[in-house]
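K.L.:
output the structure for:
(one chain, ligands or ions: 1)
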Amino acid sequence: MTQPVLLAVDENAADLALIERELEDRYGRHYKVVCAGSPDDARTHLEHFAASAVEVALVLTGQWRAGEPNCRLLASVHDLHPYAKRAVLIAWTDWGDQSTGRAIFDGISDGRFDHYVIQPSRSPDEQFHQTISMVLLEWAEANRAAPYTVHIVGESWTGRAYELREALQQCAMSHHFCLADSPEGRELVAAARAGAVLPIVVFPDGRVLENPTNLEISQSTGGPIDPGQADFDVCIVGAGPAGLSAAVYGTSEGLSTIVVDKGGIGGQATSSSLIRNYLGFPRGVSGRHLAQNAYSQAWVFGAKFAFMQTVTGIAREDERLVVTLSADRRLTASAVLLAMGVSYRRLGVPSLEALVGAGVYYGGSTSEAPALVDRDVFVLGGANSAGQSALHLAQYARSVTLVVRAPSLRDGMSDYLVRQVEATANIRTRLGCQVVGGGGDGRLDHLVLRDIASKTESAVDARALFILIGAEPHTGWLPAEIEQDERGFILTGADISQRSAPRFNRSPFLLETSMPGVFAAGDVRHGSVKRVASAVGEGSIAIQLLHQYYAVEQLSLRGSID
Ligand SMILES: Cc1cc2nc3c(=O)[nH]c(=O)nc-3n(C[C@H](O)[C@H](O)[C@H](O)COP(=O)(O)OP(=O)(O)OC[C@H]3O[C@@H](n4cnc5c(N)ncnc54)[C@H](O)[C@@H]3O)c2cc1C
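P.N.:
Sure thing, here's the model as predicted:
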């Protein structure tokens, strides 16, 4: 296979020579480094690569601001190489300069390029290579099968095969689905036990699980422990950003901590392809990366994890809180942190609900997007998550239609996202519109859209529909003792009603619920901000409050439990 190309474009010959040497020295074995001294030259190279089916991984340019020679080139790279990453070079002296910062922000928001890189100034320039490697990692993750891919083979896209894909996605396990009657599927089934029950899950080390439960999946991925009868200082319910943050702070401050999640790590954040507003990541960070890093951090500090186990009850027995898990397991803890987050509202169109997993998806598009190259896809919703999903899909799909009930995108979406959506050529918006029907033979092939004002309906071809229409908190299982607002979000601190006062011999702490010793953080909490940073912040605050709670209640800590 021909090596993918790294194309550098700069009219300054000395700068270009330094870039070429850096790229060649570090990446020359696995990539073909090509340099162009002008945008016309670069365009000729790009056309030639497209005509001869050579992949372009990265286009790196100097002179990129509006009116400068490479600006138009950058904007057109994706016409020929839709998956190429585009980065602009800036000089050290420009770093921190306000107008450069603004131009970078505008360029990324308008979809002209993806990243900025500070020009190499010596050889080797490790800072330059750190950024280039990060960009290439992003490119490779989107365009190359992961080295340790778990294969799922099923008879159809729906049902248990879809649930298994979801389970692996939640465990942040790279996976690939194929139908049993495809050539690849036949090969994998043949390597399993004769008569194996589908769907099967084939791990990179050759192990095969036949129609496994989610718990078996999580046990096979090696992460969780069986909590059994264990006792902890704190039990955290939910491994989203709030729960992971609490796990990091809790364990690093000496609390024996267990995190239980009905899925795996990351919560909603794993469905966000690029979080751009999280502190410390000027180039953005994928939700999956953030969650994986947080998980590793908590794990190294000593947090225990129990994945694919749903918490179904919580009750006080003397000094301990008893947490009941699915499959009749239970554990005890001095305190509990509820960080169960939210999930998306259902659309409620039966013909589309029947196709969930087969072209109809709730939430973001991270894992399904690469399979939608050259397809027409739809995103339903008008908030930031819908905008992000549309932008992510637009890198793969032929067209993305954003269907929004409101008359304006600005009603529910941040300005920077609206600008990116509007600047992306293959995203269309249908404002004042609803999805009222649709279907397909085993897989979505069409949708029925209704214009709200005129009440007219039209059928459109559609390969996929991503539904992001609002969230409901995961609080249905909580005892009545834990007060919730009218939408089911948990009340904490000063929001708790007087009715619960007799349970306390003090004022409840800021994030404490109406059940003493049970705290709540993140999206599940009434009044929460619904952002990764806020969830992470609340997770850390909750741990501080737990210390105060232990002190006030004179609870002795258990320390680490093996
Ligand atoms: C597509 C998308 C894009 C987004 N983009 C951004 C962005 O760019 N910037 C930003 O700041 N925010 C973004 N958000 C919002 C952000 O992801 C959330 O605010 C954040 O994840 C909330 O964290 P959390 O820990 O409170 O809850 P969640 O992330 O919802 O995690 C809750 C966890 O609890 C588990 N759980 C629920 N019930 C139980 C139970 N009974 N037992 C055990 N476990 C349970 C769930 O499985 C889940 O893993 C986005 C969200 C989505 C969906």
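
K.L.:
phi, psi of Phe128?
P.N.:
Backbone dihedrals for Phe128, given as degrees, to the nearest 10, come out at phi -60, psi -50.

K.L.:
and the pLDDT for it?
P.N.:
pLDDT for Phe128: 94.

K.L.:
any residue of the helix or strand hosting Arg102 touching the ligand?
P.N.:
Assessed by DSSP states H and E, Arg102 sits inside helix 98-109. No. On the criterion CB under 6 Å from any ligand atom, helix 98-109 is out of touch with the ligand, staying 13.4 Å away. Just so you know, the C-beta spots here come from the backbone N, C-alpha and C atoms, and that holds for glycine as well.

K.L.:
pull up the pairing partners for the next helix or strand after that helix, direction included.
P.N.:
For helix 98-109, the following helix or strand on the C-terminal side (DSSP H and E) is strand 115-118. Strand 115-118 has its sheet partners listed here by DSSP bridges as strand 85-90 (parallel).

K.L.:
which ones are touching Glu163?
P.N.:
214, 357 (CB atoms under 8 Å, 6 or more residues apart in numbering).

K.L.:
what sits against Pro241?
P.N.:
Pro241 touches 266-267, 269, 290-291, 294, 522, 532, 535-536, 539, counting by CB under 8 Å, 6+ apart.

K.L.:
which sections of this protein are below the confidence cut-off?
P.N.:
1, 109-110, 144-148, 172, 221-229, 271-273, 364-368, 558-562 (pLDDT under 70).

K.L.:
what residues does it have near the ligand?
P.N.:
237-243, 260-263, 267-269, 271-272, 275, 277, 310-311, 339-342, 363-364, 385, 388-389, 474, 477, 522-524, 530-533, 535.

K.L.:
now intersect those residues with the helices, please.
P.N.:
Among these, the ones falling in helices (DSSP state H) are 241-243, 385, 388-389, 532-533, 535.

K.L.:
now the two most distant members of those residues.
P.N.:
Gly243 and Ser389 (23.4 Å; CB to CB).

K.L.:
more neighbours, the two?
P.N.:
Gly243 (34 against 28; other CB atoms under 10 Å).

K.L.:
would you map the helices across the stretch 151-300 of the chain?
P.N.:
For the stretch 151-300 of the chain, applying DSSP state H, counting those that start in this stretch gives helices covering 159-170, 183-191, 214-220, 241-252, 287-301.

K.L.:
wait, the stretch 401-550 of the chain
P.N.:
Assigned by DSSP H, counting those that start in this stretch, the helices in the stretch 401-550 of the chain fall at 415-423, 532-553.

K.L.:
TSV for those helices, including mean neighbour count and distance to Arg499?
P.N.:
Output for the helices of the stretch 401-550 of the chain, formatted as TSV (neighbours: other CB atoms under 10 Å; distance: least, CB to CB, whole Å):
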stretch	mean neighbour count	distance to Arg499
helix 415-423	18	41
helix 532-553	20	21
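
K.L.:
Pro212: which of those helices is closest?
P.N.:
The nearest among the helices of the stretch 401-550 of the chain, by CB to CB, is helix 532-553 at 30.5 Å.

K.L.:
the stretch 301-450 of the chain: strands as residue ranges?
P.N.:
Counting by DSSP state E, counting those that start in this stretch, the stretch 301-450 of the chain has strands at residues 304-306, 311-317, 320-325, 330-338, 342-344, 360-362, 376-380, 399-404, 427-431, 433-439, 446-451.

K.L.:
next, format those strands as CSV and append distance to Ile543 and mean neighbour count.
P.N.:
Shown next, in CSV, are the strands of the stretch 301-450 of the chain (distance: least, CB to CB, whole Å; neighbours: other CB atoms under 10 Å):
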stretch, distance to Ile543, mean neighbour count
strand 304-306, 16, 25
strand 311-317, 19, 16
strand 320-325, 16, 19
strand 330-338, 8, 25
strand 342-344, 22, 19
strand 360-362, 31, 25
strand 376-380, 37, 26
strand 399-404, 39, 24
strand 427-431, 41, 18
strand 433-439, 42, 19
strand 446-451, 46, 19
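
K.L.:
now for those strands, which one comes closest to Arg186?
P.N.:
Once the strands of the stretch 301-450 of the chain are compared by CB to CB, strand 360-362 is nearest, at 26.7 Å.

K.L.:
distance to Gln130 for the helices of the stretch 151-300 of the chain - can I get that in a markdown table?
P.N.:
Below are the helices of the stretch 151-300 of the chain laid out as a markdown table (distance: least, CB to CB, whole Å):
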| stretch | distance to Gln130 |
| --- | --- |
| helix 159-170 | 28 |
| helix 183-191 | 36 |
| helix 214-220 | 33 |
| helix 241-252 | 24 |
| helix 287-301 | 15 |
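
K.L.:
pick the most buried one from those helices.
P.N.:
With neighbours taken as mean count of other CB atoms under 10 Å, the helices of the stretch 151-300 of the chain reach their highest mean count in helix 241-252, at a mean of 28.

K.L.:
and that one with strand 330-338, angle?
P.N.:
110 degrees (axes from the mean of the first three to the mean of the last three CA atoms, to 10 degrees).

K.L.:
and the angle from helix 241-252 to helix 287-301?
P.N.:
20 degrees.

K.L.:
which residue does the stretch 401-550 of the chain have closest to the ligand?
P.N.:
Gly522 (2.1 Å; CB to the nearest ligand atom).

K.L.:
so who does that residue touch?
P.N.:
Counting by CB under 8 Å, 6+ apart, Gly522 makes contact with 238, 240-243, 339, 341, 528, 534-535, 538-539.

K.L.:
ok, how many other residues are close to Phe504?
P.N.:
Burial of Phe504 is recorded as 14 neighbouring residues (other CB under 10 Å).

K.L.:
what domains does the record give for the chain?
P.N.:
Per automatic domain parsing, the structural domains of the chain span 5-143, 150-220, 231-343+472-553, 350-469.

K.L.:
show me which pair in the contacts of Pro241 is furthest apart.
P.N.:
Farthest pair in those (CB to CB) is Leu290 and Gly522. Separation: 14.1 Å.

K.L.:
among the contacts of Gly522, which two are most distant?
P.N.:
Gly238 and Ser534, at 14.6 Å, using CB to CB across the contacts of Gly522.

K.L.:
who are the neighbours in contact with Ala13?
P.N.:
Taking CB under 8 Å, 6+ apart as the test, what Ala13 contacts is Gly37.
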